[in-house]
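> I'll drop the sequence and a predicted model, then ask my questions.
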Amino acid sequence: MESQILQTHVIMAILVVILVPMLFSFLAKKPGLVPTPVQNLFEIYIQFIEEMIKENMGEKGRKYFPLIAGIGLFVFFGNLIGMIPGLESPTANLNTTMALALLVFFIYNFEGVRENGLSYFKHFLGPVPAMAPVFAIIELLSHLSRPVTLALRLFANMTGGELISIVLIMLVPLLVPMPVILIHLIAVFLQTYVFVVLTTVYIAGAISHGEH
């Protein structure tokens with residue numbers, strides 16, 4: 001049973017990874033002078049990511065646009081695909097969300113070291129030298145908890161949303177579907193927003209430590 005669940009979430013993740021670039025390639029081939037609603041949505045998303053990166057990292061953050069935008073699209077469509085009957089959200093599986101969270105964790109720490117050298121680790125020691133061991137433990141625990149909370153938040157919300165939707169639709173099939181779908185859709189957007197914002201904040205914090 002466990003291997004079947006693993007196989008399903010991997011298949012769904014691969015499906016998202018394949019379909020999203022294909023969708024973007026199709027839309028980017030013939031952008032209209034008068035944007036279609038779908039084109040408008042993608043342009044709004046691109047502008048949102050650009051503004052968020054600029055606000056948190058300035059112009060030097062532009063190089064992280066593909067990473068952050070790509071993670072956002074994967075999380076969004078990974079959340080959304082579970083709303084299609086017969087399909088499951090890969091983000092409703094802890095293996096997927098933990099993999100994403102660990103990816104963010106390793107990238108922001110790697111970028112912190114790359115941008116600031118070994119001085120990146122100075123912020124783990126805090127502002128008071130005498131209290132450095134205490135600050136080091138607190139900072140270490142804080143950083144190690146980030147991938148765990150990032151993964152669990154997305155996993156719990158998407159799993160809970162799917163379970164509630166299924167239960168309510170089974171109990172009241174004629175009255176509940178539209179409100180449930182709307183609530184689930186809001187959760188899809190909200191959890192994508194939270195994941196993308198936290199990814200941006202973590203990277204911004206890591207690369208800016210050498211400036212303080």
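Received the coordinates, thanks.
> Provide a list of residues in contact with the residue lying closest to Ala132 once chain neighbours are set aside.
Nearest residue to Ala132, sequence neighbours excluded (CB to CB, 6 or more residues apart in numbering): Leu125, at 4.2 Å. From N, CA and C alone the C-beta is placed, and that goes for glycine too. Counting by CB atoms under 8 Å, 6 or more residues apart in numbering, Leu125 makes contact with 132, 135-136, 139.
> let's go with 7 Å and repeat that
Residues in contact with Leu125, defined by CB atoms under 7 Å, 6 or more residues apart in numbering, are 132, 135-136.
> I'd like to know which elements the helix or strand of the chain with the lowest mean pLDDT is packed against.
Ranked by mean pLDDT, DSSP states H and E, the weakest helix or strand in the chain is helix 2-29, scoring a mean of 76. If you count contacts as 3 or more CB pairs under 7 Å, 6 or more residues apart in numbering; DSSP states H and E, helix 2-29 packs onto helix 37-57, helix 65-80, helix 94-116.
> count of neighbours near Val180?
19 (other CB atoms under 10 Å).
> tell me which strands and helices the helix or strand containing it is in contact with?
In the assignment (DSSP states H and E), Val180 maps to helix 177-207. Under the contact definition 3+ CB pairs under 7 Å, 6+ apart, helix 177-207 sits against helix 37-57, helix 65-80, helix 94-116, helix 132-171.
> Those: lowest mean pLDDT?
Mean pLDDT is lowest for helix 132-171 out of the helices and strands packed on helix 177-207, coming in at a mean of 82.
> re earlier: please report which of the contacts of Leu125 has the highest neighbour count.
Most surrounded of the contacts of Leu125: other CB under 10 Å gives Phe135, at 16 neighbours.
> Surely that residue touches Gly126?
Yes - using CB atoms under 7 Å, Phe135 is in contact with Gly126, at 2.9 Å.
> sorry, back to before: in a markdown table: the helices and strands packed on helix 177-207, plus distance to Met12.
Shown next, in a markdown table, are the helices and strands packed on helix 177-207 (distance: least, CB to CB, whole Å):
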| stretch | distance to Met12 |
| --- | --- |
| helix 37-57 | 21 |
| helix 65-80 | 7 |
| helix 94-116 | 8 |
| helix 132-171 | 12 |
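> and Tyr202, which of those helices is closest to it?
Relative to Tyr202, the nearest member of these by CB to CB is helix 94-116, separated by 4.3 Å.
> then the closest one to CSV, C-alphas only?
Taking C-alpha atoms only, helix 94-116 is exported to CSV below (Å, rounded to 0.1, in the frame of the first residue of the first chain):
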residue,chain,number,x,y,z
LEU,A,94,4.8,14.4,2.9
ASN,A,95,7.6,13.0,0.7
THR,A,96,7.0,15.7,-1.9
THR,A,97,6.6,18.6,0.5
MET,A,98,9.7,17.5,2.5
ALA,A,99,11.7,17.2,-0.7
LEU,A,100,10.7,20.8,-1.7
ALA,A,101,11.4,22.1,1.8
LEU,A,102,14.8,20.5,1.9
LEU,A,103,15.6,21.9,-1.6
VAL,A,104,14.8,25.4,-0.3
PHE,A,105,16.8,24.7,2.9
PHE,A,106,20.0,23.6,1.1
ILE,A,107,19.7,26.3,-1.6
TYR,A,108,19.4,29.3,0.8
ASN,A,109,22.2,28.0,3.0
PHE,A,110,24.4,27.4,0.0
GLU,A,111,23.7,30.9,-1.4
GLY,A,112,24.4,32.4,2.0
VAL,A,113,27.8,30.8,2.1
ARG,A,114,28.5,31.6,-1.6
GLU,A,115,27.5,35.3,-1.1
ASN,A,116,29.2,35.9,2.2
